[in-house]
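> Predicted structure and sequence below. I'll ask about it afterward.
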Amino acid sequence: MYYTSTRDSSVKVTAAQAITNGISKEGGLYVPCEIPSISRDFIKELSELDYIGRAKKILSLYLTDFSEEELDYCVGGAYAAGKFSAKEVAPTVTLENGVSILELWHGPTCAFKDMALQLLPYLLTTSAKKTADGKQIVILVATSGDTGKAALEGFKDVENTNVLVFYPNDGVSAMQKLQMCTQEGDNVAVCAIKGNFDDAQTSVKEIFTSDALKAKLAENNMMFSSANSINWGRLVPQIVYYFSTYCDLLNQGKIELGDKINIVVPTGNFGNILAAYYAREMGVPIKKLICASNANNVLTEFIESGFYNKDRDFYTTISPSMDILVSSNLERLLYHLSGDNDAFVNDCMEGLFEDGNYTVNKAVYEKIRGIFEGGFCDDDATKATIGDIYKRFNYLCDTHTAVAVTVYYNYLRKTADNTPAVIASTASPYKFCPAVLEAVASQKDSGEDGFALMQQLNTITDVPIPAPLAAIKNKPVRFDKVVERSDMTDVVLDMLGI
Ligand SMILES: *Cc1c(COP(=O)(O)O)cnc(C)c1O
């Protein structure tokens, strides 16, 4: 299996090279040259395995340059007993007849990013041994909140790596900020920037692709890599849980082998839902992929019209990990749906860069319509849903998950498509206490500290507080720097001492 670039299909690299490089040198994203396909029997076999077994089988289809021992080491390490608070790692629970929730937040940072970022350090260090001859790997992350913490936690004290996280100062929740600023580990740093997530992401991409900086790192036997979802090593672990949820539905007797399901994903950078697209292309019986957005509804408009337009108002919402106007991973979808057309992708990305928008051609648009549905909701609807499903089903969900639940039920009302649905749940409700408390107890934001709010939510709902969140209380703040965008390069060099 080889990988090519969305912006230059003459590129041909191994999985290990794709993972170590993070992004292709002309700025494109790595994609598999061919998407492997699987049979019904393969799904049946998977359904008899535990999560680690399922992950190994699927990863072996994509990481063909990894030995079986290497895969055992990587997957076994990432999802070892005790790392995730649920023994199934990513359990599928029933909301009501025909509607299930795939809980992806039982890892150490209580958000779905752990599913990939617990595995990525293993994949990256194993890949670097094959390709980067002993270079120190410098991980730069732009985060809308959850990736940063999950990357810090995944890479802390991993030998031969540094991890540096930039986040928008006013764009993450108080608990997310506290989680990052109290991070432990000798190879980590965290810095806030004045600007929003797209600013942070654009600047990190610029730093990555700067020849001058790359040369400077090379002189010091270092190289950049990425833990953002533009790295193939982030995406491939996410494909696994869409297979796994299908297997769980089979084992729960909710579906028969071959039955179709719908998948609903609260979407920001388009990584999580793209993983579901790969699972669908590989042969998991999935009818529709339903892409849920908050008030930043650029993807809803795109799916409905084929017109992508980032020049619009930016909203700071109660689902901050989805406050994104440039969904990087969409580039991969454009590549696949256009029949591996790198010129087409270059045109779109140039349009986006120069004019802030692009329109896809009719063939691509029709493919999108056949696979995807889009929907969005605002903060009020999000809160109403949290309250409603707590009352009706005694199920407490976070703000991001609630966006997906809202969009799903709107879709169901509109289409009457009652195909069994799985809604991806991406964070613990305890990461977003102010909004969740308001939703379930009509409690206005009291400005109390995050711990008091967690306690209140626990008292009202009896849902246990995740241990890693409770533990932050006793940790000192280690990072409090806020810089201008233009100073980010200096922060990088400063941290590396070069
Ligand atoms: C990152 C994140 C999302 C969005 O996922 P993408 O892969 O960026 O689309 C949704 N919910 C939560 C809680 C997240 O952390």
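That came through fine. Numbers count the residues shown, from 1 in each chain.

> What's the first helix or strand after the strand or helix carrying residue 215?
Using DSSP states H and E, residue 215 maps to helix 211-219. Sequence order places strand 222-226 as the next helix or strand after helix 211-219, per DSSP H and E.

> hmm, whatever helix or strand comes next after that next one in reach of the ligand?
Using DSSP H and E, the helix or strand that follows strand 222-226 in sequence is helix 232-251. No. Counting by C-beta under 6 Å from any ligand atom, the ligand is not contacted by helix 232-251; separation bottoms out at 7.7 Å. C-beta here means a position set from N, CA and C on the backbone, and glycine is covered the same way.

> Spell out which residues of this structure are next to the ligand.
Close to the ligand, as judged by C-beta under 6 Å from any ligand atom, the chain has residues 111-113, 146, 229, 266-272, 321-322, 400, 426-427.

> Which ones among those residues map onto helices?
By the criterion of DSSP state H, membership of those in helices covers 113, 146, 271, 272, 400.

> what's the burial count for the closest residue to the third one other than its chain neighbours?
Right, the one you point to is residue 271. Once flanking residues are discounted, residue 271 sits nearest to residue 229: 3.3 Å by C-beta to C-beta, 6 or more residues apart in numbering. Counted with other C-beta atoms under 10 Å, the neighbours of residue 229 add up to 26.

> which residues does residue 229 contact?
Residues in contact with residue 229 (C-beta atoms under 8 Å, 6 or more residues apart in numbering) are 116, 147, 235, 269, 271, 272, 328, 329.

> just residue 141 next, same as before
Applying C-beta under 8 Å, 6+ apart, we find residue 141 in contact with 147, 148, 151, 163, 164, 165, 166, 204, 226, 227, 228.

> That one in helix, strand or coil?
Per DSSP: H, G, I helix; E, B strand; the rest coil, the secondary structure class of residue 141 is strand.

> Could you measure from it over to residue 476?
Going from residue 141 to residue 476 by C-beta to C-beta, to the nearest Å gives 22 Å.

> by contact count, what packs against the helix holding residue 215?
Applying 3 or more C-beta pairs under 8 Å, 6 or more residues apart in numbering; DSSP states H and E, one finds that helix 211-219 makes contact with strand 222-226, helix 488-496.

> Pick out the residue of the stretch 1-150 of the chain closest to the ligand.
The ligand sits closest to residue 146 of the stretch 1-150 of the chain, with a gap of 3.2 Å, by C-beta to the nearest ligand atom.

> Make sure that residue is actually in contact with residue 427.
Yes. Judged on C-beta atoms under 8 Å, residue 146 makes contact with residue 427 at a distance of 6.7 Å.

> Please compute how far stretch 157-166 lies from its chain's middle.
In terms of C-alpha atoms, centre = their mean, to the nearest Å, the centre of stretch 157-166 is set 19 Å apart from its chain centre.

> same question but for stretch 386-398, I mixed them up
Distance of stretch 386-398 from its chain centroid, counting by C-alpha atoms, centre = their mean, is 24 Å.

> for stretch 150-169, same thing?
So, by C-alpha atoms, centre = their mean, the centroid of stretch 150-169 is 16 Å from its chain's centroid.

> What number of residues are in the vicinity of residue 386?
Using other C-beta under 10 Å, residue 386 has 27 other residues around it.

> per-residue confidence averaged over the one helix or strand it maps to?
Assessed by DSSP H and E, residue 386 sits inside helix 379-393. For helix 379-393, mean pLDDT is 98.
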